[in-house]
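Novice: predicted model follows, preceded by the sequence.
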Amino acid sequence: QVQLVESGGGLVQAGGSLRLSCAASGRTFNRYNMAWFSQAPGKEREFVAAIAWNGDPTYYADSVKGRFTISTDNAKNTVYLQMNSLQPEDTAVYYCAAASGDTYFKGYDYWGQGTQVTVSS
C-alpha cells in the first residue's frame, strides 16, 4: 500500500515557477514508477510527466516539454515536479500517482488528493 500527499501548489503569475512535491509512504516506494497528472475544470485528467522508479527514463506531455521537470528522491520518498514558465492554461489540480507495474502513461494504482495550481495572466 502506498499513500501519496501532494504539496506546493498555489497562485502564480504567468511566467512564474512552482515546485510540487509528493511525499509517499510505503516500504517499497523505490520500486514504483511515479507520475503527475493534471485536471482542469470541466476536463478529463491528463498525463503530465512520469519517471521510472530508478530515475530513468522520464516522459513528458508535449505541452510541458522544456518547461517542467520530474525528479525523485528515493531517500526522502518524494517525487517533485518543477514547473517553469507557467501559463494560464497550466491551471489545474495536479495529482501524484504511483504504479507498481511497468507503466508510465496510464494504469496507476495509487493517487494523491491533488494540489491546486492557478496561473494568472
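Specialist: On my side now, so go ahead. Numbering: from 1, shown residues only.
Novice: so how far is Ala97 from the residue most central in space within the chain?
Specialist: Computing the C-alpha centroid of the chain and ranking residues by Cα atoms, centre = their mean puts Trp36 first, at 2.4 Å. Trp36 sits at a distance of 7 Å from Ala97 (criterion: Cβ to Cβ, to the nearest Å). In this view, the C-beta of every residue, glycine as well, is placed from N, C-alpha and C.
Novice: repeat for Ser85
Specialist: The value you get for Ser85 to Ala97, if Cβ to Cβ is used, is 24 Å.
Novice: same deal with Asn74?
Specialist: Asn74 sits 17 Å away from Ala97, going by Cβ to Cβ.
Novice: neighbour count: Ser85 and Ala97, which is higher?
Specialist: Taking other Cβ atoms under 10 Å, Ser85 and Ala97 do not tie; Ala97 has more neighbours (24 against 13).
Novice: quick one: low-confidence ranges for this structure?
Specialist: 27-30 (pLDDT under 70).
Novice: now do the strands in it.
Specialist: 3-7, 10-13, 18-25, 33-39, 46-51, 58-60, 68-73, 78-83, 92-99, 110-111, 115-120 (DSSP state E).
Novice: the residue nearest to the residue nearest to the centre of the chain when sequence neighbours are not counted - how many residues pack around it?
Specialist: Distances taken as Cβ to Cβ, 6 or more residues apart in numbering put Val48 closest to Trp36, at 4.4 Å, once the chain neighbours are dropped. In terms of burial, Val48 registers 23 neighbours under the definition other Cβ under 10 Å.
Novice: contact partners for Val48?
Specialist: Contact criterion Cβ atoms under 8 Å, 6 or more residues apart in numbering gives Ala35, Trp36, Phe37, Ser38, Tyr60, Ala61, Val64, Phe68, Leu81, Tyr94 as the residues in contact with Val48.
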